[in-house]
Structures are given as structure tokens and as C-alpha cells.
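K.L.:
Predicted model, plus sequence, below.
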Amino acid sequence: MQIYKVGGAVRDRLLGKPVTDIDWVVVGATTEEMLAKGYRPVGADFPVFLHPKSGEEYALARTERKSGRGYGGFTFHASPEVTLEEDLIRRDLTINAMAEDDQQNLTDPYHGQRDLEERILRHISPAFAEDPLRVLRVARFAARYAELGFKVAPETLELMRQLSESGELEALTAERSWKEISRALMEDQPQVFIQVLRDCGALKVLMPEVDALFGVPQPEAHHPEIDSGIHTLSVLEQSALHKQPLTVRWACLLHDLGKGLTPEEEWPRHIAHEHKGLKLIKAVNERFKAPKDCQELALLVGQYHTHGHRALELKASTLLELLQSFDVYRRPQRFEEFIVACEMDARGRKGLEQRSYPQADYLRGAANVARGVAVQPLLEKGFKGPELGEALKRERLKALKVYKESAAS
């Protein structure tokens, strides 16, 4: 029995990056031998065991064969005869197909170290095309390592293009797709993930609503970058630069989908794109079964982001309606995330990345004013039920009018 550290742990150590997850592969062992040494079996599809002390996962070396469509369409074979090289060749990229023994001696049959040095994401074998999830994985690695100068090898991008055109991407489950998408959006350069998906034709399969934004012009006065797709990538980039959470990044990606529905004869204006985009945002949310908080914020940002930009001009009554829509009294965090999404949208424009956004503090102040209206005096006056709600609304409106006047002076 020989035990090797494999995959990402080896790759990241060689890159000088922190190693978080460690995968182990065991060569020359049987299930019975693992059990005898105290390893606990997990997973029904292939032999994976938990270490009796560390709890880390150890997998028996295995081969795999395509047996159906999609990510799960594989038959696995594990036995003591399977070599380390045979186990490594079933992996996706050369940089993920290296192994180390306990002395840090490197086994690198597919030249992963060379590709690390040359900053190339390259598939190992034609079997890469058997797993459609790898299209998303490679795009995610491109986003993760973009800052180091990594690029997808042309031949790998071509395989990804073939996979995108084959119909295999449609076989991916919403859960598996969302796992990759959400992880990619939390990388330092998530816009690279979207760009690589577009380069290989996967974006128009997975998110045709986002893909449709590219080539759609906007008024240059407000959008020096002009192209709606480029703007979306820039907004996503800003959200990562400012370390925003997944909810905000997802909303940033989807906020302008309505612009893809504008008839060409109306370009570059996009009248009512906020309302038009809601059905598209809802469709993307449902397609990937995004978490509820992501779904809700994406819809609210899509509908109200132009309200955010015009916050200083809004009437007190419109401002109150906006605050009510977000339920700022019980859900203050959601409104805060809306504000920062609007700010990312304002900054995601060519040459305007450092612009100030006074609307942010103005909206925060308005929310505080509305939340500061006390209920107790109204209760003491005898208001209750729907009448109490209306009285509270009137008092909040008064307070917002005073706030607006003081902000203007």
C-alpha cells in the first residue's frame, strides 16, 4: 500500500498558495485492507474512506469509463492493480494531476509542473470531453488564477467548445452547476469565469440571458464602455474588488438582463429595462436553484437599481415605497446589500471605477430615519391593526420629508 497527496494540494503548494483541502489516493490496497486499518467507508459510488484519526478522505486508486450522459454518467473500477498514473489520467487538467509521497517526491506523468510554470490550463486527455462539468471547472480555475497570468490552452478551449455544442451541458443538474457557479463568483476575478464561458460557447447554453447582453449598446454619456456585456463583467469585477458576498455578486451579474430584450431600433436607450428583466432574472434563478437570499436580492436589484442611482432626486413618497419594498425594518442587511450592488453598478463603467457614490450614505440615512419612527406614541393614541400601519406610514413619510430637506440644504 502506497499513499499519495494528489490534486489541488500539490498544485497550490507548488504555486506557493495556502493549501486548504487535501486529497489522498491509496495505491495497491483493497477495501478489506483499509477497513482492517480502521478507515471508515463513505460514498456509495466508489471506495472512499475517512482516516481513523484525521477524518480526511482517502480514495482507492481507480479508473473510470463513460457510461451515460452528464456528470454522473461514469462507471468506476478500483483495485490494487490500478496504478497512480492510471488514477491521475482520469483527472481534468495537467496541473491537477500531480502527486507527492510523504517525502514530497513529485510524480508528474502529464507535465503539470511545466504547465504551472507556463501558466497554462491544459486538459490531460481526450477523456476530458466526457464530463461536461469540466467546462465550468476550467472556467473557474481561469478566474482563480487569472491574477497569476493563467490562460486556457487553445486546444482545451476547443474541447470546451465542442462540449458546449454537444448538448451535454444540458445534462448537468442545477445543484452541480450552482456549486461551480457560486464558487467561481467568489473568486478574485469572477468576470474571467463568465468571459471564458462565453469564449467557448457555454454561456449562451447556460445563461443565454447574460450572453445576449454582449453587443448591445448603452448611451455613452452614462456608459463609456458602451457594450452592456462588458459593463456586466466590469460590475462583477468591482463586486469582487470590494469583497462583496455571493448575494451581491449574483445580483451584479443579473441586474441588467432586461437590456438584452430591447429592440435594436430603440438602442442605445433601454426604457423600462428594469421591469422587463425581472422574468429573465427569475428564469436564471430557477434554472440553477439559487439560494433564496440570492434570488430575492437579484430580483430587487434588477427592479430598483435605477432608483438607487436617482436616490437624491426621489420624492419622499417614492423613497418610502423603496424602503417598504425591501422591508428595511426587519431585513436591514438586504437593503445594505442592495445599496452596495448599486454602487458596484455605478463603478462598473470605463474610467469611472473610482467615482464617489453619495447615494449610498443618503439611502442608509433614509433607512435609519424610517426605522427611527417610534411605534409606541401611536399605540398610546389608540391606533391598532391596519390603522396603526397607515399612521406609521404617515409618520415615516413626514420624517423622510424632513430628512430630504435637510440633505438638500
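P.N.:
Perfect, I can see it now.
K.L.:
contacting residues around residue 146?
P.N.:
Applying Cβ atoms under 8 Å, 6 or more residues apart in numbering, we find residue 146 in contact with 188, 189, 192. Using the backbone N, CA and C atoms, a C-beta is placed for each residue, glycine as well.
K.L.:
swap the cut-off to 7 Å and go again
P.N.:
With Cβ atoms under 7 Å, 6 or more residues apart in numbering as the criterion, the residues that contact residue 146 are 189, 192.
K.L.:
same thing with residue 115?
P.N.:
94, 95, 122.
K.L.:
Need the residues you listed in a markdown table (columns: distance to residue 229).
P.N.:
A markdown table is the format used below for the contacts of residue 115 (distance: Cβ to Cβ, whole Å):
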| residue | distance to residue 229 |
| --- | --- |
| 94 | 31 |
| 95 | 29 |
| 122 | 27 |
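K.L.:
any idea which residue sits dead centre in the protein?
P.N.:
Centroid-nearest residue in the chain: residue 185, 2.6 Å away (criterion: Cα atoms, centre = their mean).
K.L.:
Stretch 15-34 - what's its average pLDDT?
P.N.:
Model confidence over stretch 15-34 averages 92 on the pLDDT scale.
K.L.:
So what touches it?
P.N.:
Where contact means Cβ under 7 Å, 6+ apart, the residues beyond stretch 15-34 that reach it are 1-9, 12-13, 47, 49, 56-61, 80, 83-84, 87, 99, 116.
K.L.:
rerun at 8 Å
P.N.:
Residues from elsewhere that reach stretch 15-34, judged by Cβ under 8 Å, 6+ apart: 1-9, 12-13, 41, 47, 49, 51, 56-61, 79-80, 82-84, 87, 99, 116, 145, 148.
K.L.:
Of these, which belong to helices?
P.N.:
8, 9, 12, 13, 84, 87, 116 (DSSP state H).
K.L.:
And the second one, how far from residue 89?
P.N.:
Taking Cβ to Cβ, to the nearest Å as the measure, residue 9 and residue 89 are separated by 19 Å.
K.L.:
Residue 38 looks like it's in a strand, true?
P.N.:
No - remark: residue 38 does not belong to a strand; assigned using DSSP: H, G, I helix; E, B strand; the rest coil, it is coil.
K.L.:
burial of it, as a residue count?
P.N.:
Here the neighbour count serves as a burial measure; for residue 38 (other Cβ atoms under 10 Å) it reads 11.
K.L.:
isn't it right up against residue 50?
P.N.:
No - under the contact definition of Cβ atoms under 8 Å, residue 38 does not touch residue 50, with a separation of 9.7 Å.
K.L.:
Pop the domain breakdown of this protein in here.
P.N.:
With domains defined by automatic domain parsing, the chain comprises 1-118, 376-408.
K.L.:
now those domains as CSV including distance to residue 312?
P.N.:
What follows is these, written out as CSV (distance: least, Cβ to Cβ, whole Å):
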stretch, distance to residue 312
domain 1-118, 43
domain 376-408, 8
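K.L.:
Can you show me the strands along the stretch 1-150 of the chain?
P.N.:
Applying DSSP state E, counting those that start in this stretch to the stretch 1-150 of the chain gives strands spanning 2-6, 23-27, 40-42, 48-50, 57-60, 62-66, 74-78, 99-100, 106-107, 120-121.
K.L.:
in its sheet, what does the fifth one sit against?
P.N.:
Strand 57-60 has these partner strands in its sheet, going by DSSP bridges: strand 23-27 (parallel), strand 48-50 (antiparallel).
K.L.:
Identify all contacting residues around it.
P.N.:
So strand 57-60 is contacted by 3, 23-26, 29-31, 34, 39, 42, 46-51, 78-79, 82 (Cβ under 8 Å, 6+ apart).
K.L.:
hmm, 6 Å instead?
P.N.:
Contacts made with strand 57-60 from outside it, assessed by Cβ atoms under 6 Å, 6 or more residues apart in numbering, are listed as 24, 25, 26, 47, 48, 49, 78.
K.L.:
which residues touch the helix ranked longest in the chain?
P.N.:
Counting residues, the longest helix in the chain under DSSP H turns out to be helix 385-408. Residues from elsewhere that reach helix 385-408 (Cβ under 6 Å, 6+ apart): 316, 319, 320, 369, 370, 373, 378, 383.
K.L.:
Any idea which of the residues you listed the model trusts least?
P.N.:
Going through these one by one, the lowest pLDDT turns up at residue 383, 90.
K.L.:
Number of residues surrounding the closest residue to it other than its chain neighbours?
P.N.:
The shortest distance from residue 383 to any non-neighbouring residue, by Cβ to Cβ, 6 or more residues apart in numbering, is to residue 391 (4.6 Å). Burial of residue 391 is recorded as 18 neighbouring residues (other Cβ under 10 Å).
K.L.:
Next one: residue 391 relative to residue 15, how far apart?
P.N.:
The span separating residue 391 from residue 15 equals 62 Å under the rule Cβ to Cβ.
K.L.:
where exactly do the strands run in the stretch 251-400 of the chain?
P.N.:
Defined through DSSP E, counting those that start in this stretch, the strands belonging to the stretch 251-400 of the chain form an empty list.
K.L.:
ok, now which ones touch residue 235?
P.N.:
Shown here is residue 235, whose contacts under the criterion Cβ under 6 Å, 6+ apart are 252, 344, 345, 348.
K.L.:
Most neighbours among these, which one is it?
P.N.:
residue 252 (32 neighbours).
K.L.:
quick one: that residue from residue 7, how far?
P.N.:
31 Å.
K.L.:
Residue 392 too?
P.N.:
57 Å.
K.L.:
and those two? which has more neighbours close in?
P.N.:
Residue environment comparison for residue 392 versus residue 7 gives the larger neighbour count to residue 7, 22 against 17, counting by other Cβ under 10 Å.
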